[in-house]
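Asker: Below are the sequence and a predicted model; questions follow.
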Amino acid sequence: MGVFLITKCIIFCIRITNRNNMRKLLLTFAFFFAMVVGVNAQHLGVKTNAIEWATATPNLGIEIGLGKVMSLDISGYYNPFEFRGTRATKMQGQGWGLQSDLRYWFSYKYSGHFLGINGTYGQYDASVPSYTYDYLGKAYGAGLSYGYVFPMSSHWRFELTMGLGWLHYDCEPYKINDSQCSDIEYLDRVTKDIFSPTRIGVNFT
């Protein structure tokens, strides 16, 4: 049942493609979370990624046990913040995204080494210092992941994980020429496929 709900929520969220529907995304994620919190604590972990918090990106994830040595991790993030600065100094990336990781544990789930197959999807509006144009687009991909979980107590765990694989970027460079945003200059859409990290996590569970 949990896997079915996860699949349905991912499909619905990917269909949401503009900012006006961001509230629907957040409500969907909240509904999904409420549906799975009834699972026994032995089979469910709630987590957050310290690296994303360091970039002012709120995030939340859950991990559901699928047996003695299998689990499914799914997380989401949303960054609505815009920071002041000049074009030469400002770097930011507003957007949202979802990540999933099907994991095989070498000994027992939630402890020690694991290998995973991960997928990611996100949309962004990014600014890079000294670049003339901003970048509005989406990215998705898949890869393999490895991680290690350090049990800290009977209720807390510390996780390090990293994934490598294929990422596809599809973005539209643009430049706002006036303060009223009435004059926006767009360039041709850019697509690119790269081999890259697909996830990096320093998680507390």
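Answerer: Received it, and whenever you're ready, just let me know what you need. Numbering: from 1, shown residues only.

Asker: For the rest of this, base every contact and every neighbour count on C-alpha atoms.
Answerer: OK.

Asker: now the nearest residue to Ala139 once chain neighbours are set aside, which residues is it bridged with?
Answerer: What sits nearest to Ala139 in space, not counting adjacent residues and going by Cα to Cα, 6 or more residues apart in numbering, is Tyr169, at 4.5 Å. Tyr169 forms beta bridges with Ala139, Lys192, as assigned by DSSP bridges.

Asker: just checking, Tyr169 touches Tyr135?
Answerer: No - under the contact definition of Cα atoms under 8 Å, Tyr169 does not touch Tyr135, with a separation of 10.7 Å.

Asker: Between those two, point out the one with more neighbours.
Answerer: Just comparing Tyr169 and Tyr135: by other Cα atoms under 10 Å the higher neighbour count belongs to Tyr135, 22 against 16.

Asker: ok, that one - contacts?
Answerer: The contact partners of Tyr135, by Cα atoms under 8 Å, 6 or more residues apart in numbering, come to 124-127, 171-174.

Asker: can you rerun that using 7 Å?
Answerer: 125-127, 171-174 (Cα atoms under 7 Å, 6 or more residues apart in numbering).

Asker: Low-confidence regions, the protein specifically.
Answerer: 1-42, 83-92, 129-130, 179-181 (pLDDT under 70).

Asker: show me where it has strands.
Answerer: Listed in chain order, the strands of the chain (DSSP state E) span 44-49, 59-65, 70-79, 92-105, 112-127, 134-151, 157-176, 184-186, 190-204.

Asker: mind checking how far the last one is from the chain centre?
Answerer: Think strand 190-204. Computed by Cα atoms, centre = their mean, to the nearest Å, the chain-centroid distance of strand 190-204 equals 10 Å.

Asker: Show me what that strand is in contact with.
Answerer: Residues from elsewhere that reach strand 190-204, judged by Cα under 7 Å, 6+ apart: 47-51, 142-143, 157-172.

Asker: Give the bridge partners for Val46, please.
Answerer: Ile62.

Asker: just checking, it touches Trp156?
Answerer: No - in this structure, Val46 is not within contact of Trp156 by Cα atoms under 7 Å, at 10.0 Å.
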